[in-house]
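Novice: predicted coordinates and the sequence they were generated for:
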Amino acid sequence: MTFDTPIDRTGSHCVKWDMMPALYGLAPDEGLAMWVADMEFRPPACVQQALERMLAHGVYGYFGDDRAYLEAIRWWMANRHGWDVAPEWIFTTHGLVNGTALCIHSFTRPGDGIILMTPVYHAFSRIIKAAGREVVECPLALAEGKAQLDIPAWEAQLTGRERMVILCSPHNPGGRVWSGDELRAVADFCQRHDLILVSDEIHHDLVYPGHTHTVMAKAAPGIADQLVMMTATTKTFNIAGAHIGNVIIADPNLRKAFANTINAMGISPNSFGMHMATAAYSPEGAAWVDDLMRYLDGNRRLFDEGIATIPGLRSTPLEATYLAWVDFSGTGMAAADFIARVEKQAKIATNHGESFGKGGASFLRFNLACPRAQVAEAIRRLQRAFADLQ
Ligand SMILES: Cc1ncc(COP(=O)(O)O)c(C=O)c1O
């Protein structure tokens, strides 16, 4: 498998390319789609083969007997993350936005506050507001461009109505891999204020050399009775369309409440996702992820070197994720102006930082999970669009 080979996704109903004309005014043959967090790569052969077996069989009924699937998850978490998971702790949801929404409904009530460390993945605030809960934005601090917890400041702003924290670990955007000490500080904060901690670790396999992700359940075992862990195959293996996620809950009381919501909402597994996830969490899948990370590491280096040549732009050093987070504040331009240059002159579709909440407005997020030639082209276009700053 070579990640260099371009794959034309236009006309495949993929949101990233097929919605770009309507949302950014960019035709696929002129624009570079570097927004939505999925990759331009096919998943490993083991995942394709699992689907081919389904197609060859040709009967697509309800899924049953999840022992192989649960064992695959158990194997992956033990082998890749040193974390022992019992099969009865695992719930399957229709992705992790769905898993987060189910947590909101299970563990909070309308009007309750839910803490987000902003800037953070934009869907969190959307589902909190839609559920009639309040988004409590706790801004991350920056030290030399690197996101930091700011717990004393967050404590000062609490009102007592907060019931939950949604942690993004590793963090999207910005790609911080939280250290064990930082994770323990978040867990202590949740314990001090009696907050349920939902740890969204969807990016936990996409970590660069020199950094180690620690699963929250391992970093702070003492928080188990307030903790919901969430992991997934979808980011790791580029199968987000399968809409499948793992919600892993060790505490029996939390598990009971969550199971009740799953039943109340009538949720049962999608068999395509189950077969793909089972195949992905395997030694072959693991080898593919190792190759992927080597490739993405090259992409992030090329991108950062290119951004460093443009005065006023600063790329956040990624410790994890393929989502570059570029600060345009050094240009002195208003967001509308730098966005116009990136979209209208460079013709690159990115995610606007403002959508990630407080602290995001001067940033754009670029998806680097594409053939390296596309990263190089993006840099050439940005250098041209900002040439007058040279
Ligand atoms: C932190 C985080 N959680 C969840 C998701 C989406 O999860 P899903 O597609 O499983 O709903 C994303 C996608 O980018 C994400 O970055």
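Specialist: Okay, I see it. Just so you know, these numbers come straight off a predicted model, no measurement behind them. Numbers count the residues shown, from 1 in each chain.
Novice: hmm, who's touching the helix or strand that Ala324 is a member of?
Specialist: Element membership for Ala324, per DSSP states H and E: strand 323-327. By C-beta atoms under 8 Å, 6 or more residues apart in numbering, the residues outside strand 323-327 that reach it are 37, 145, 172-175, 300, 303-304, 307, 313-316, 318, 353, 362-368. C-beta here means a position set from N, CA and C on the backbone, and glycine is covered the same way.
Novice: contacts with the ligand among these, please.
Specialist: Ala37, Asn172 (C-beta under 6 Å from any ligand atom).
Novice: now list the buried members of the contacts of strand 323-327.
Specialist: Among those, those that count as buried by neighbour count (16 or more other C-beta atoms under 10 Å) are 37, 172-175, 300, 303-304, 307, 313-316, 318, 353, 362-368.
Novice: list the buried residues of whichever strand or helix holds Glu305.
Specialist: Using DSSP H and E, Glu305 sits within helix 283-308. By neighbour count on 16+ other C-beta under 10 Å, the buried set for helix 283-308 is 285-286, 288-289, 292-293, 295-296, 299-300, 302-304, 306-307.
Novice: near the ligand, which residues of the protein?
Specialist: Counting by C-beta under 6 Å from any ligand atom, the residues of the chain near the ligand are 37, 95-98, 121, 168, 172, 200, 202, 232, 234, 240, 245.
Novice: for whatever residue of the stretch 51-200 of the chain ends up closest to the ligand, give me phi and psi.
Specialist: Nearest residue of the stretch 51-200 of the chain to the ligand: Gly95, at 2.9 Å (C-beta to the nearest ligand atom). Main-chain dihedrals, Gly95, degrees, to the nearest 10: phi 100, psi 180.
Novice: I'd like the average pLDDT over the helix holding Glu305.
Specialist: Mean per-residue pLDDT for helix 283-308: 98.
Novice: helices or strands up against the helix or strand following it?
Specialist: Later in the chain than helix 283-308, the nearest helix or strand by DSSP H and E is strand 314-315. Applying 3 or more C-beta pairs under 8 Å, 6 or more residues apart in numbering; DSSP states H and E, we find strand 314-315 packed against helix 283-308, strand 323-327.
Novice: between the residues of the chain next to the ligand, which sits nearest Thr331?
Specialist: Checking those against Thr331 by C-beta to C-beta gives Asn172 as the nearest, at 23.8 Å.
Novice: elements contacting the helix or strand that Ala378 is a member of?
Specialist: Assigned by DSSP H and E, Ala378 belongs to helix 372-385. Applying 3+ C-beta pairs under 8 Å, 6+ apart, one finds that helix 372-385 contacts strand 32-33, helix 283-308, strand 348-349.
Novice: recalculate using a threshold of 10 Å.
Specialist: strand 32-33, helix 283-308, strand 323-327, strand 348-349, strand 363-367 (3 or more C-beta pairs under 10 Å, 6 or more residues apart in numbering; DSSP states H and E).
Novice: list the buried ones in that helix?
Specialist: Arg372, Gln374, Val375, Ala378, Ile379, Arg381, Leu382, Gln383, Ala385.
Novice: tell me the angle of that helix relative to helix 283-308?
Specialist: If you take axes from the mean of the first three to the mean of the last three C-alpha atoms, to 10 degrees, helix 372-385 sits at 20 degrees to helix 283-308.
Novice: and helix 372-385, average pLDDT?
Specialist: 98.
Novice: so the closest residue in space to Trp154 that isn't next to it in sequence bridges to which residues?
Specialist: Once flanking residues are discounted, Trp154 sits nearest to Cys138: 4.1 Å by C-beta to C-beta, 6 or more residues apart in numbering. As for beta bridges, Cys138 partners with Met117 under DSSP bridges.
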